[in-house]
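*Asks:* sharing a model prediction with you, sequence too.
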There are 2 protein chains.
Amino acid sequence: MEQKKTSKRLRCIVKLGELSLFRGAAITCKNKLETIDEENLKEVSSQIRQAFVPESTSANVIGMDWSKRSGQSEVPTFINDLCDQPVADSESFIVVHGAGSFGHFQASKSGVHKGGLSRPLVKAGFVATRISVTSLNLEIVRSLAREGIPSIGMSPFSCGWSTCQRNMTEADISMVIKAIDAGFIPVLHGDAVLDTLQECTILSGDMIIRHLAAELKPEFVVFLVSNTSLDVLGVYDRPPVEPGAVLIREIAVREDGSWSVVKPKLEDTSKPVEFTVAAHDTTGGMVTKITEAAMIAKLGIDVYITKAGTDHSVKALSGFLKGGIPDDWLGTAIRYMS
Amino acid sequence: MEQKKTSKRLRCIVKLGELSLFRGAAITCKNKLETIDEENLKEVSSQIRQAFVPESTSANVIGMDWSKRSGQSEVPTFINDLCDQPVADSESFIVVHGAGSFGHFQASKSGVHKGGLSRPLVKAGFVATRISVTSLNLEIVRSLAREGIPSIGMSPFSCGWSTCQRNMTEADISMVIKAIDAGFIPVLHGDAVLDTLQECTILSGDMIIRHLAAELKPEFVVFLVSNTSLDVLGVYDRPPVEPGAVLIREIAVREDGSWSVVKPKLEDTSKPVEFTVAAHDTTGGMVTKITEAAMIAKLGIDVYITKAGTDHSVKALSGFLKGGIPDDWLGTAIRYMS
């Protein structure tokens, strides 16, 4: 019999980056190919540690990236002190990240999402995309590990996940469950995968989150957004670069998956909310993604979209919002309303 | 029904590095923590291309690493020319590498192979080991991709492989088969994995090769050895640093898995061949590894151990030796003799 659930309830799924729909990306410098915003990533990792390893402090962190390249000395000296140190218990959670400036270029240039591995461009693009997204995955795993989070990179392709006409069909999460039960934090990512109908496609981070949320029923899901050049706090009623863009504070999701803005009351409710799609977003546009979030909320799982590295993201990650959304919290909450 | 075989016969499994038993490592600079011998890796990748993509030349290679960091320009210009280019057909093969200077330090320092995830040192070491070996995997995948080999990194941990008291129990190779059937070259590596009895351990590259060889029956297996400071060509009758060390040219394996040297005739056959174990080799010593090779040969699969980047490795990779071992070939052939 296959184990279907984690032995303790999953606290949270955290999404990092790939939020081109919000014109921002939590981790990567979106407009610069394959560049990581190191400072932002470090801050995000630190907030994640504080939220899920409550007993930890920056002083007693057990660094788990012992690589030479992390800027540490050749042989970390602190390792000898580890033997007697108690492990600060971590709540169980999963991190999922998209591609950001990693992988999107390779995927969109070659059309991996459209399939057709017999075409040399697609085949080469598939390989190039995987190289790029696994590079990013490694950097995120390392950043979390430096904060003492026992993070484990897991590629959907290697996990054996594939799609059928771009829908997730074969996605056995037993290995994710085993990793969690062993006390690790799985770090998954949007990936190039095989597709039974069109040979290959791109599996987005959002699709992964929806699948994991449906299977593992976390208490809540947090999407961390950020944009260093633009103060994006969540979802807006129009592109946030436009003057007068209003932050949507709350979206209510109905049983059929349809959704509507409940806070603030928009002046012109007849006018649909405008959404933009970045040209290099190969994994679907704004409506697709809000719909993904709504499908999670429909399961009774709150989804919070908020700016990384702020007091608002601290509140979202800590689960504080489960009791109700305070007026001074800035971000977008997407919740089921029966 | 699960698919158990690749649709075309697997030509070869190539092992790179981790050959501390031979006092050399094909890819990494063994004595320098986490350092890749770039030049050697490039040469090895090029030889692998020539052996398995026979129609390819260095002029018509389709580079599949489009990362910024590969030293190419921000946006590779050749991509636009790819559309009409035919794909040179690759024979199906698998690359497996060990840790070399990557991972061994982390694993041995923390005792991951001995298990016990409740100990902070082991848990941190598990994470650190995986970070280190996946870094090396990424570099090897990129090097092969730059040679136009459609390489796909696959971590045993993510593949869901685990052990029971350090023996491979759950190692579903269906994803490896799917990758091969889709025309990709899986690149696997020694990894930290979960163990049902002792919680965790190290799964060595050699154990992976044995498992894959038993399941997929490749035509032959090649272990590429190299050592820049020492001219190691294969297995010797004593540590190759010692004066008078003789290269063992051929080992015969019997049906029960026992083995003996058949060429050259050693002067003192009563004296056992001496083997050394590097202090930081956490995955077993020389005898274990020869035994692993013998268990492959026992299946009727030739195993060739030879120096990377030489005419001898070209001959081994090309399958030329299947017809018989010429006298001028330098290396160690381990073959079944009924």
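*Replies:* Everything's here; your move. Numbering: from 1, shown residues only, chains lettered A, B, ... in the order given.

*Asks:* now the nearest residue to A:Phe126 once chain neighbours are set aside, what's its secondary structure?
*Replies:* Among residues not flanking A:Phe126 along the chain, A:Ala192 sits closest, at 4.8 Å (Cβ to Cβ, 6 or more residues apart in numbering or on different chains). Bear in mind the C-beta positions are built from the backbone N, C-alpha and C, glycine included. What DSSP: H, G, I helix; E, B strand; the rest coil gives for A:Ala192 is strand.

*Asks:* may I have the beta-bridge partners of A:Ala192?
*Replies:* Beta bridges link A:Ala192 to A:Ile202 when assigned by DSSP bridges.

*Asks:* so who does it touch?
*Replies:* Residues in contact with A:Ala192 (Cβ atoms under 8 Å, 6 or more residues apart in numbering or on different chains) are A:103, A:107, A:112, A:125-126, A:129-130, A:133, A:157, A:200-203.

*Asks:* just the buried positions in stretch A:34-50, please.
*Replies:* For stretch A:34-50, the neighbour count (16 or more other Cβ atoms under 10 Å in any protein chain shown) marks A:34, A:36-37, A:40-41, A:43-50 as buried.

*Asks:* sitting in helices, which of these do you find?
*Replies:* Those of these mapping onto helices are A:40-41, A:43-50, per DSSP state H.

*Asks:* just for the stretch 1-150 of chain A, where's the confidence low?
*Replies:* By pLDDT under 70, the low-scoring segments of the stretch 1-150 of chain A are A:1-4, A:18-33, A:69-88, A:100-101.

*Asks:* so which residues of it form strands?
*Replies:* A:12-16, A:93-97 (DSSP state E, counting those that start in this stretch).

*Asks:* picking up where we left off before, keep only the buried residues of stretch A:34-50 that also lie close to chain B.
*Replies:* Checking the buried residues of stretch A:34-50 against chain B by Cβ under 8 Å from any Cβ of the partner chain, the ones in range are A:Glu34.

*Asks:* of all the strands of the stretch 1-150 of chain A, which one comes closest to chain B?
*Replies:* Closest approach to chain B among these (Cβ to the nearest Cβ): strand A:93-97, 13.4 Å.

*Asks:* got the angle between the closest one and strand A:12-16?
*Replies:* Interaxial angle, strand A:93-97 versus strand A:12-16 (axes from the mean of the first three to the mean of the last three Cα atoms, to 10 degrees): 20 degrees.

*Asks:* report the buried residues of strand A:93-97.
*Replies:* A:93-97.

*Asks:* can you redo those as CSV with distance to A:Arg9?
*Replies:* Formatted as CSV, these follow (distance: Cβ to Cβ, whole Å):
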residue, distance to A:Arg9
A:Phe93, 11
A:Ile94, 12
A:Val95, 17
A:Val96, 18
A:His97, 23
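
*Asks:* returning to what we had before: of the contacts of A:Ala192, closest to B:His312?
*Replies:* Using Cβ to Cβ, A:Arg130 comes nearest to B:His312 of the contacts of A:Ala192, at 32.4 Å.

*Asks:* Throw the strands of the stretch 1-150 of chain A into CSV and include distance to chain B, thanks.
*Replies:* Output for the strands of the stretch 1-150 of chain A, formatted as CSV (distance: least, Cβ to the nearest Cβ, whole Å):
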stretch, distance to chain B
strand A:12-16, 17
strand A:93-97, 13
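
*Asks:* quick check: which of those is nearest to A:Ser67?
*Replies:* Across those, closest to A:Ser67 is strand A:93-97 (Cβ to Cβ), at 19.0 Å.

*Asks:* the helices in chain A, which residues?
*Replies:* Using DSSP H, helices in chain A cover A:38-52, A:104-110, A:120-146, A:174-181, A:205-216, A:286-297, A:311-318.

*Asks:* now what about the last one, what contacts it?
*Replies:* Think helix A:311-318. A:12, A:14, A:44, A:47-48, A:50-52, A:220, A:222, A:224, A:233, A:304, A:306-307, A:321, A:326, A:329-331.

*Asks:* now that helix against strand A:12-16, angle please.
*Replies:* Between the axes of helix A:311-318 and strand A:12-16, defined by the same axes, to 10 degrees, the angle is 140 degrees.

*Asks:* okay, helix A:311-318 in CSV with CA atoms only?
*Replies:* Extracted in CSV, the C-alpha atoms of helix A:311-318 (Å, rounded to 0.1, in the frame of the first residue of the first chain):
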residue,chain,number,x,y,z
ASP,A,311,6.4,42.5,7.8
HIS,A,312,3.5,41.4,5.6
SER,A,313,5.3,38.3,4.4
VAL,A,314,6.3,37.5,8.0
LYS,A,315,2.6,37.6,9.0
ALA,A,316,1.6,35.4,6.0
LEU,A,317,4.3,32.8,6.5
SER,A,318,3.6,32.6,10.3
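
*Asks:* got a list of what the closest residue to A:Thr169 other than its chain neighbours touches?
*Replies:* Spatial nearest neighbour of A:Thr169, excluding adjacent residues (Cβ to Cβ, 6+ apart): A:Thr163 at 6.1 Å. By Cβ under 8 Å, 6+ apart, A:Thr163 lies in contact with A:169, A:193-196, A:201, A:203.

*Asks:* tell me the confidence at A:Thr163?
*Replies:* In the predicted model, A:Thr163 carries a pLDDT score of 93.

*Asks:* for B:Ser7, see how far away it is.
*Replies:* Noted for A:Thr163: a distance of 21 Å to B:Ser7, by Cβ to Cβ, to the nearest Å.

*Asks:* what is the neighbour count of the residue of the stretch 151-300 of chain A found nearest chain B?
*Replies:* In the stretch 151-300 of chain A, the residue that lies nearest chain B is A:Ser158 (3.6 Å; Cβ to the nearest Cβ). Other residues within reach of A:Ser158, judged by other Cβ atoms under 10 Å in any protein chain shown, total 26.

*Asks:* ok, now which ones touch it?
*Replies:* B:153-155, B:158-159, B:175.

*Asks:* strands - which of those land there?
*Replies:* Among the contacts of A:Ser158, the ones falling in strands (DSSP state E) are B:Gly153.
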